[in-house]
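J.: the sequence isn't on hand, but the structure is:
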């Protein structure tokens, strides 16, 4: 029982770490494509929830936010939603809808 809990915790940590890396990579690509700078080269995981898949199963959904600038003075915001290990949605303010 304890071993199963430890293995489940390790699997969750491993999956979360990989999703964080994928979300950061996606944000870096978005910023490069839009010719803006990702501030602090970081993203922040805001929320985690379960979402039902079309096949009827459950999958973790994660929301990440990030800040960027186009002129080195202003701060603008964006977000990325990861469904499992896939980017489900991404958006950059103001009015920069991507993906």
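T.: Everything's here; your move. This is a predicted model, so every value here is computed, not measured.
J.: might you list the low-confidence residue ranges for this protein?
T.: 94-99 (pLDDT under 70).
J.: what about 80?
T.: Low-confidence segments of the chain, defined by pLDDT under 80: 93-99.
J.: mind listing the strands in it by residue range?
T.: 37-38, 44-52, 58-69, 76-83, 86-92, 96-98 (DSSP state E).
J.: of all these, which lies closest to residue 8?
T.: Among the strands of the chain, strand 58-69 comes nearest to residue 8, with 13.0 Å by Cβ to Cβ. In this view, the C-beta of every residue, glycine as well, is placed from N, C-alpha and C.
J.: next, the buried residues of that closest one.
T.: 60, 62, 63, 64, 66, 67, 68 (16 or more other Cβ atoms under 10 Å).
J.: partners of the fourth one in the sheet?
T.: Put plainly, it is residue 64. residue 45, residue 80 (DSSP bridges).
J.: in this structure it contacts residue 87, no?
T.: No: at 10.0 Å, residue 64 and residue 87 do not qualify as touching, with contact defined as Cβ atoms under 8 Å.
J.: spit out the residues that contact the two alike.
T.: 23, 80, 81 (Cβ atoms under 8 Å, 6 or more residues apart in numbering).
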